[in-house]
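> Could you work out the structure for the sequence below:
(chains A, B, C and D)
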2 protein chains.
Amino acid sequence: MRVLIVEDDQFHASYLQDALAEALPEVTEIFHATDGVAGEEEARKDEIEAIIMDLQMDRRNGIEAARAIWARRPQSRILFWSNYADEAYLRGIAQIVPEDSAYGYILKTASRERLKLALRAVLVEGQIMVDREIHRLQKRSASPRNRLDDSEFAVLLDLALGLQDKLIAERRGMSLRTVQNRLLSLYEKLGVLSDLDAELTLNKRVRALNRALVTRMINTETLEAAQRDLETWLAGRG
Amino acid sequence: MRVLIVEDDQFHASYLQDALAEALPEVTEIFHATDGVAGEEEARKDEIEAIIMDLQMDRRNGIEAARAIWARRPQSRILFWSNYADEAYLRGIAQIVPEDSAYGYILKTASRERLKLALRAVLVEGQIMVDREIHRLQKRSASPRNRLDDSEFAVLLDLALGLQDKLIAERRGMSLRTVQNRLLSLYEKLGVLSDLDAELTLNKRVRALNRALVTRMINTETLEAAQRDLETWLAGRG
DNA sequence: AGACATGATGCGGGTTCCCGCAACGACTTT
DNA sequence: AAAGTCGTTGCGGGAACCCGCATCATGTCT
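Sure, this is the predicted structure:
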């Protein structure tokens, strides 16, 4: 069995390599890439089917690399391994995972035992496995109906890019007023109105972006990715 | 010589410990804290004067911890050690470093040799040492007069919190129009108008925050810290 | 079928924001 | 001293934004 590690931090990479050798004796070869682009190439070149993927990397992040890899070989098994339980990543992964391929998500703070378990479950057994900590996050944000639905999230991204209502409406195929309603529910769910002194009025749009950031609903990488999406959409619009 | 390591990632901490033992034979004792609060206590309790400080930590980030430590013992020698060459951190450090105390800033991607050099230079010799990569960043952002002055940066933070012009004016002691002028130059320096299709008009405020984030001028921690500042200011205002 | 909830859309008005124009003071240059 | 530069402030208008109110379509419950 051949495994690819995509991880730009050398310490973490070698720790992984260790744990991997220890947990999976069936591993015959370990490849290593230090960013998303190199990881993609490596995965393609050597037809690797088991991958451990860091999420935060410079040149191309793990989610984009995974999308490319899965587009090519949907049966690839990918274990994501990240520093943070960050909702933006979760949502990103949920959107790109193919119908019945194996994947997992585990935190770097997990114990070695749990990591080894995840390695075996996902890469060998082809199961789906999500770290308990992350599940907890999902629950938390799901319970007080703070959870955004997909169209709200889309509008949030557009807002975060600085688009105006009219352009969002055009891009998402909604009427102007509908976009504003989405914004309204965003303000509600993000707690734009409730936090700080209730007295002082804020710039709602900026505050929404602020809240989305500090609650880890989106992050800087999300913004960069969204910007790229926007640019391709703009290009295909005339 | 007694050294304190403040670092929440266990791999990095043990790597540091290794390098430290190797580079500085004069070290007699190594303490370890895994977040800013614990680091502060440790530093106070044991009157430690040489510290290696990670910047990104959960409970309290390295800059705040360093400020508290320096407030107590300005002669403390602190080597910051971080993943990113992030302008927000640079600015934060520049603002809190006491008159003539030794400090350094080195990236986690630096070679072991360079790390050892920095350890010796800062912690033993009491020099000031900044990683070449970081210096490059400073230059880059300084040259095309994109660099923000302090008052512009203050307005940027207020904007990022979602404050309205009037409130910013009150908080910073400027007139409304002056605030707007600051915003204007912010938009200029952040490239709010120039990027993307020049045709499509954007929400400038949101776009400014977006640009500030993707250029690493500010980050989520900055926002959280700024929010705390704002709250204390609000409390003392009536 | 009828009552009801939910979401999309239009209209109108009040507020905030962006910014051109102009005046003023402090400081520098010639 | 005269001229020029730079930052601050006021005024005013047009654009964008927020949102209450009303309407209409769709789907659900009784």
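> From the chain's centroid, how far away is whatever helix or strand A:I93 lives in?
Using DSSP states H and E, A:I93 sits within helix A:87-96. In terms of C-alpha atoms, centre = their mean, to the nearest Å, the centre of helix A:87-96 is found 4 Å from the chain centre.
> For that helix, buried residues please.
Using 16 or more other C-beta atoms under 10 Å in any protein chain shown as the test for burial, helix A:87-96 gives A:E87, A:A88, A:Y89, A:L90, A:R91, A:G92, A:I93. (C-beta placed from N, C-alpha, C; glycine too.)
> what do you get for stretch A:103-115?
Those would be A:Y103, A:G104, A:Y105, A:I106, A:L107, A:K108, A:A110, A:L115, for stretch A:103-115 by 16+ other C-beta under 10 Å.
> Surely the fourth one touches A:A85?
No. No contact is recorded between A:I106 and A:A85 when judged using C-beta atoms under 8 Å, the distance being 10.3 Å.
> Now the common contact residues for the two.
Here A:I106 and A:A85 have A:D131 as joint contacts, going by C-beta atoms under 8 Å, 6 or more residues apart in numbering or on different chains.
> Quick one: residues contacting the residue nearest to A:Q127 when sequence neighbours are not counted.
Distances taken as C-beta to C-beta, 6 or more residues apart in numbering or on different chains put A:A121 closest to A:Q127, at 4.4 Å, once the chain neighbours are dropped. Counting by C-beta under 8 Å, 6+ apart, A:A121 touches A:G104, A:Q127, A:M129.
> helix, strand or coil for the closest residue to the last one other than its chain neighbours?
Leaving aside its chain neighbours, A:M129 sits nearest to A:G104 (4.1 Å; criterion: C-beta to C-beta, 6+ apart). The three-state label for A:G104, taken from DSSP: H, G, I helix; E, B strand; the rest coil, comes out as strand.
> returning to what we had before: tell me the phi and psi of the residue nearest to A:Q127?
phi -60, psi -50 (degrees, to the nearest 10).
> how much space between it and B:A225?
Here the criterion is C-beta to C-beta, to the nearest Å. By it, A:A121 lies 39 Å from B:A225.
> now A:A94
For A:A94, the distance to B:A225 (C-beta to C-beta) stands at 31 Å.
> Over to A:E64?
For A:E64, the distance to B:A225 - C-beta to C-beta - is 30 Å.
> A:A13 against A:L4, yeah?
No. Under the criterion of C-beta under 8 Å, A:A13 makes no contact with A:L4, lying 11.3 Å away.
> who has more neighbours, the two?
Using other C-beta atoms under 10 Å in any protein chain shown as the criterion, A:A13 and A:L4 rank with A:L4 on top: 24 against 20.
> Give the other helices and strands that the strand or helix carrying the more buried one contacts.
For A:L4, the host element (DSSP H and E) is strand A:2-6. Counting contacts by 3 or more C-beta pairs under 8 Å, 6 or more residues apart in numbering or on different chains; DSSP states H and E, strand A:2-6 packs against helix A:10-23, strand A:29-33, helix A:36-46, strand A:50-54.
> rerun that using 6 Å as the cut-off
Taking 3 or more C-beta pairs under 6 Å, 6 or more residues apart in numbering or on different chains; DSSP states H and E as the contact definition, the neighbouring helices and strands of strand A:2-6 are strand A:29-33, helix A:36-46, strand A:50-54.
> what residues does the longest one touch?
Residues from elsewhere that reach helix A:36-46 (C-beta atoms under 6 Å, 6 or more residues apart in numbering or on different chains): A:L4, A:V6, A:F31, A:A33, A:M57, A:R59, A:R60, A:N61, A:E64, A:A65, A:A68, A:I69.
> center of chain A, which residue is that?
A:Y89 (2.0 Å; C-alpha atoms, centre = their mean).
> Is it in contact with A:D54, as I believe?
No. Using C-beta atoms under 6 Å, A:Y89 is not in contact with A:D54; the gap is 10.9 Å.
> circling back: in TSV, list the contacts of helix A:36-46 along with pLDDT and distance to A:L24.
Output for these, formatted as TSV (pLDDT from 0 to 100; distance: C-beta to C-beta, whole Å):
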residue	pLDDT	distance to A:L24
A:L4	95	13
A:V6	96	17
A:F31	94	14
A:A33	94	19
A:M57	85	23
A:R59	77	28
A:R60	82	27
A:N61	83	26
A:E64	86	26
A:A65	90	22
A:A68	89	25
A:I69	91	20
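> Just the buried residues of those residues.
Buried, going by 16+ other C-beta under 10 Å: A:L4, A:V6, A:F31, A:A33, A:M57, A:R60, A:N61, A:E64, A:A65, A:A68, A:I69, out of the contacts of helix A:36-46.
> wait, which of those is closest to B:G236?
Of all the buried ones among the contacts of helix A:36-46, B:G236 sits closest to A:N61, with 41.7 Å by C-beta to C-beta.
> moving C-terminal of the lowest-mean-pLDDT helix or strand in chain A, what's the next helix or strand?
Lowest on mean pLDDT, DSSP states H and E among the helices and strands of chain A sits helix A:132-142, with a mean of 61. Following helix A:132-142 in sequence order, the next helix or strand is helix A:150-161 (DSSP H and E).
> what does that next one rub up against?
The contact list for helix A:150-161 (C-beta under 6 Å, 6+ apart) reads A:I168, A:R172, A:R182, A:L186, A:L209, A:L223, A:A226, A:L230.
> Columns pLDDT, secondary structure and neighbour count on top of those, output as TSV?
As requested, the contacts of helix A:150-161 are arranged in TSV below (pLDDT from 0 to 100; DSSP: H, G, I helix; E, B strand; the rest coil; neighbours: other C-beta atoms under 10 Å in any protein chain shown):
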residue	pLDDT	secondary structure	neighbour count
A:I168	93	helix	22
A:R172	92	helix	15
A:R182	92	helix	25
A:L186	90	helix	21
A:L209	95	helix	30
A:L223	91	helix	21
A:A226	90	helix	18
A:L230	90	helix	20
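> Okay, now the unreliable bits of chain A?
Applying pLDDT under 70 to chain A picks out residues A:135-147, A:195-199, A:238.
> Spell out which parts of chain A neighbour DNA strand D.
A:Q164, A:D165, A:K166, A:R177, A:Q180, A:L183, A:L184, A:Y187, A:L193, A:N203, A:K204, A:R205 (C-beta under 7 Å from any atom of the strand).
> Can you lay out the residues you listed as CSV showing secondary structure and neighbour count?
What follows is the residues of chain A next to DNA strand D, written out as CSV (DSSP: H, G, I helix; E, B strand; the rest coil; neighbours: other C-beta atoms under 10 Å in any protein chain shown):
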residue, secondary structure, neighbour count
A:Q164, coil, 18
A:D165, helix, 20
A:K166, helix, 12
A:R177, helix, 10
A:Q180, helix, 14
A:L183, helix, 21
A:L184, helix, 12
A:Y187, helix, 18
A:L193, coil, 13
A:N203, coil, 21
A:K204, helix, 17
A:R205, helix, 22
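> just checking: which of those residues also lie near DNA strand C?
Among these, the residues lying close to DNA strand C (C-beta under 7 Å from any atom of the strand) are A:R177, A:N203.
> ok, and of the residues of chain A next to DNA strand D, which contact chain B?
A:Q164, A:N203, A:R205 (C-beta under 6 Å from any C-beta of the partner chain).
> Just the closest of those to DNA strand C, please.
Lowest distance from DNA strand C to those (C-beta to the nearest atom of the strand) belongs to A:N203, with 4.2 Å.
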